[in-house]
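Trainee: Have a look at this prediction, sequence included:
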Amino acid sequence: MIYNDDMSNHCPKNQIDISKKKFNRLTAIQFKEFRNGRPYWLFECKCRKLKVLLKGNVVSGHTKSCGCLNSELSFKRCYKHGMGSGDKKRRNRFYVIWMNMKSRCLNRNNSAYQNYGGRGIEINNSWLKFINFKKDMFKSYQKHIKNFGIKNTLIDRINNNKGYHKSNCHWTTIIEQANNKRDNIKLTYDKETLTLIEWADKLGVHYETIRRRIKRKWPIEKIIHGKKRKRI
């Protein structure tokens, strides 16, 4: 590793020279400066990265690397179960579903929190550990994605007023989950009651088309059949 061997940065007389001494992953290169009366040194990490650090933190063992050690430990923790990663793009989707489920119920900054944790929807204590969630739900997850695809496999609660636990959760498709929303609108026409998603699917039109017709306060017959075009 190339560094600037500036004589002006040699160790002051009132400081113990730690040049070339190794502390965990860090090797002292040269004294750099005082900041608020405390000595900072240039260190070379085992990963070959140079970094200026507070001498006292390094010598005491409080700082063990340039930061790469924490990254490696975090990476290993995520891969203990073979599904996580510090890199979002590399995370297994099953793991992401678990993370999002926790965030909706526990993270007040999550935009969906008010509809989950904010109204008392909780997660079974054992599911707070990913390995337990995987034990209960992974086999059924694999079966569902085999039939419907990975992007069309979502976790859903059977009873929307109860929390996330094994007896109240199953895997559903996007349409099935939409139909199970607690605030879903249902329409009854000709003695048949369906959700908007189900009517849209039955009629072969987009869900938003049905929703707009309701917003415009159309009569039920026109909501279902739409406007008749005038023949020219």
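Mentor: On my side now, so go ahead.
Trainee: quick check: domain ranges of the protein?
Mentor: Domain segmentation of the chain under automatic domain parsing yields 7-69, 79-179, 186-225.
Trainee: Using TSV, lay out the ones you listed together with mean pLDDT and mean neighbour count.
Mentor: (Glycine included, C-beta is placed from N, CA and C.) Compiled in TSV, the domains of the chain are given as follows (pLDDT from 0 to 100; neighbours: other Cβ atoms under 10 Å):
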stretch	mean pLDDT	mean neighbour count
domain 7-69	90	15
domain 79-179	85	15
domain 186-225	80	14
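Trainee: what's next to the lengthiest strand in the chain, contact-wise?
Mentor: Ordering each strand of the chain by length in residues (DSSP state E) puts strand 26-35 first. Residues from elsewhere that reach strand 26-35 (Cβ atoms under 8 Å, 6 or more residues apart in numbering): 3, 5-6, 9-12, 15, 17-22, 39-46, 50, 52-55, 58, 63-66.
Trainee: Show me those that map onto helices.
Mentor: Judged by DSSP state H, helices contain the following of the contacts of strand 26-35: 55, 58.
Trainee: contacting residues for the residue lying closest to residue 165 once chain neighbours are set aside?
Mentor: Spatially, and ignoring its direct neighbours in sequence, residue 165 is nearest to residue 124 (3.8 Å; Cβ to Cβ, 6 or more residues apart in numbering). Each residue near residue 124 by Cβ under 8 Å, 6+ apart is listed here: 163-166.
Trainee: Give the other helices and strands that the longest helix belonging to the chain contacts.
Mentor: Ranked by residue count, the top helix of the chain under DSSP H comes out as helix 130-148. When contacts are defined as 3 or more Cβ pairs under 8 Å, 6 or more residues apart in numbering; DSSP states H and E, helix 130-148 packs onto helix 93-106, strand 169-172.
Trainee: Turn these into JSON lines, including distance to residue 116.
Mentor: Formatted as JSON lines, the helices and strands packed on helix 130-148 follow (distance: least, Cβ to Cβ, whole Å):
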{"stretch": "helix 93-106", "distance to residue 116": "4"}
{"stretch": "strand 169-172", "distance to residue 116": "13"}
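Trainee: Give me the packing partners of the helix or strand encompassing residue 198, helices and strands only.
Mentor: Assigned by DSSP states H and E, residue 198 belongs to helix 196-203. Secondary-structure packing of helix 196-203 (3+ Cβ pairs under 8 Å, 6+ apart): helix 174-179, strand 186-189, helix 207-215.
Trainee: and residue 221, which of these is closest to it?
Mentor: Closest approach to residue 221 among the helices and strands packed on helix 196-203 (Cβ to Cβ): strand 186-189, 7.3 Å.
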